[in-house]
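Participant: how would this look folded up:
(2 chains)
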Amino acid sequence: MDAKEQGGAEARYQAALNEGRFLIQRCDGCKRHVFYPRVVCPHCGSASLAWVEPKGTGVVYSTTTVRRKPEAGGDYDVSLIDLDEGVRMMSRVEGIAPTEVKIGMRVRAKVIDNKGAGLVVFTAEQAK
Amino acid sequence: MSLKDLRGKIAIVGVGTAGCGEARGMTDLEILSQAAKLAVEDAGLTMKDMDGLCTANLMSAIWPLNVVEYLGIQPKFVEGTNIGGSAFVAHQLPAMMALEAGVCDAVLVCYGSTQRTGTMGRKERTAARNVLDPNPYEAPYQPFNPPSSYAMIAARHMYQYGTTRRQLAEIAVAFRKWAQLNPEAFSRDPLDIETVLKARMISDPFTAYDCCLVTDGAAAYVMTRADRAKTLKKKPVHILSNATAVWHRSVANMRDLTVSPSKESGERAFKAAGMGPKDMDVVQIYDAFSINVILALEDLGFCKKGEGGSFVENGAIGPGGKLPVNTNGGGLSCVHPNMYGAFATIEAVRQLRGECGERQVKGAKTAVVNGNGGNSASSQSTSVLATAEAL
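Facilitator: The predicted structure is shown next:
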């Protein structure tokens, strides 16, 4: 059975992530993309929200390095990512030092396993 | 009835603060009650006269019940909306409407928290709140909130407008200078820009000096109709207007990180008051973080968008500067017990009464109070206050 067919929007989103798939919503009413997942469109009020696979690419809208003692795991990144579909999400950029994450940087999504649950993180796109 | 019809009809007639800084061994409710008693006495009224109540607390969703029972009052009007620290500014509009409609005759607005010294401290309180009110789209990334959300707001403002860490530091230093003139302020040691810039990062670009204090503290004030206010003990401070705007909850859902809901609440409040930023003698901005001050100065119209950083340079908002902002020392240097809105309001009242001693802004007749709430300037409530002669 397709896990994303069960439960509310929040449950379906996480169920898809747990299978390694990153899905967002697109409203059948106003055709705008929606994130985070909802059962009613925040733009037009429609209850008809379809699950779609985003391209997975986006840009860092803002970023911060959360300072943490080395013995607790060290500093880490928290960023806001604007997906190319026009929605924004909190995430982190991995693979580079947190202080090297910059606003305007192009990034690409990947789904990782976070203590048994799927989680979207981003990596910096290679400069072309 | 429009917002304008309420202009000046209601006044703040009593204020009180208690347990500011450290109130070791005390509970939230105990210091709240001490502040409430002081506010009621300051108005020349009794607790039994309080037939309206506005209160909220981060620990209980039905906090007005705790307060009603503890104070032994039976209000005819109760307002317990919690939209974060701006709540105690936002409580004014419903209270104004209730008073004007004759539903009640005196409203007590009150708050108290012993998050600093209480047996359940800030860390435990935050953990409990995350269980009761989870955010599944933020929690896995472990933002150190609220600092991380406001830090991203600051980072975006810096990126878009060239705002600098030095300009943010100017704010912390200006408020420390005010705090040094305020015996009630918690942090009064000298502070300079270099010290702020060299301090340890918490969540870039913020050091601890960009973040509000974690203190205990309680605040209460009493509102009544202007005609009754005339007969009371203290010089009334009239509420010309109050307007609230709530746009989002989490920082990822703040459409433009450089524009806060103050843009909307400020416009509505100034319009109803028939005044503008230029008419304000004193400004009280809820400074949960240094960046809040820049956002509010811009969004309320004290300067253009993007110019908040240069506006605050060279001590412009400190003692002797061109615009007196947060004359008590603000949340950064005076007091910040989780939610600060009532304290900002009370400092404005004390300034308009002329009770501020060394930090008094001479001849202050008008003030704007801008409340901030939530993890990312999520709710904002703006009030314009004035003495009778400035009505």
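
Participant: start and end of stretch B:254-267, how far apart?
Facilitator: Terminal residues of stretch B:254-267 lie 19 Å apart, using Cα to Cα, to the nearest Å.

Participant: how about that stretch, does it reach chain A?
Facilitator: Yes - part of stretch B:254-267 sits near chain A under the criterion Cβ under 8 Å from any Cβ of the partner chain, namely B:Leu257. Yep, even glycine has a C-beta here, placed from its N, CA and C like the rest.

Participant: name the surrounding residues that touch that stretch.
Facilitator: For stretch B:254-267, the surrounding residues in contact (Cβ atoms under 8 Å, 6 or more residues apart in numbering or on different chains) are A:61-62, A:80, B:152-153, B:156-157, B:160-161, B:243-248, B:251, B:292, B:295-296, B:299-301, B:305-306, B:368, B:370, B:372, B:376-382.

Participant: next one: it to chain centre, how far?
Facilitator: The chain centre lies 16 Å from the centre of stretch B:254-267; the measure is Cα atoms, centre = their mean, to the nearest Å.

Participant: and for stretch B:306-326?
Facilitator: How far stretch B:306-326 lies from its chain's middle: 19 Å, per Cα atoms, centre = their mean.

Participant: quick check: mean pLDDT across that stretch?
Facilitator: Mean pLDDT, computed over stretch B:306-326, is 98.

Participant: now stretch B:56-71
Facilitator: Stretch B:56-71 carries an average pLDDT of 96.

Participant: show me what counts as buried in it.
Facilitator: Buried positions in stretch B:56-71, judged by neighbour count with 16 or more other Cβ atoms under 10 Å in any protein chain shown: B:Ala56, B:Asn57, B:Leu58, B:Met59, B:Trp63, B:Pro64, B:Asn66, B:Val67, B:Val68, B:Leu71.

Participant: who in chain A is up against chain B?
Facilitator: So far as Cβ under 8 Å from any Cβ goes, chain A lies against chain B at A:10, A:14, A:36, A:61-67, A:76, A:78-80, A:88-92, A:99, A:103-104, A:114, A:117, A:119.

Participant: now do 7 Å
Facilitator: Selection of chain A residues close to chain B by Cβ under 7 Å from any Cβ of the partner chain yields A:10, A:36, A:61-67, A:78, A:80, A:88-92, A:103, A:114, A:119.

Participant: lowest-scoring secondary structure element of chain B by mean pLDDT?
Facilitator: The helix or strand of chain B with the lowest confidence, counting by mean pLDDT, DSSP states H and E, is helix B:122-132 at a mean of 86.

Participant: is chain A within reach of that helix?
Facilitator: No - contact between helix B:122-132 and chain A is absent, the nearest approach being 13.8 Å (criterion: Cβ under 7 Å from any Cβ).

Participant: what does that helix rub up against?
Facilitator: Contacting residues not belonging to helix B:122-132 are listed as B:Leu58, B:Met59, B:Gln115, B:Ala139, B:Val214 [Cβ atoms under 7 Å, 6 or more residues apart in numbering or on different chains].

Participant: could you pull up phi and psi at A:Thr57?
Facilitator: Dihedral angles phi and psi of A:Thr57 (degrees, to the nearest 10) take the values phi -110, psi 150.

Participant: check contacts around B:Asn338.
Facilitator: Shown in contact with B:Asn338 (Cβ under 7 Å, 6+ apart): B:Leu58, B:Ser113, B:Gln115.
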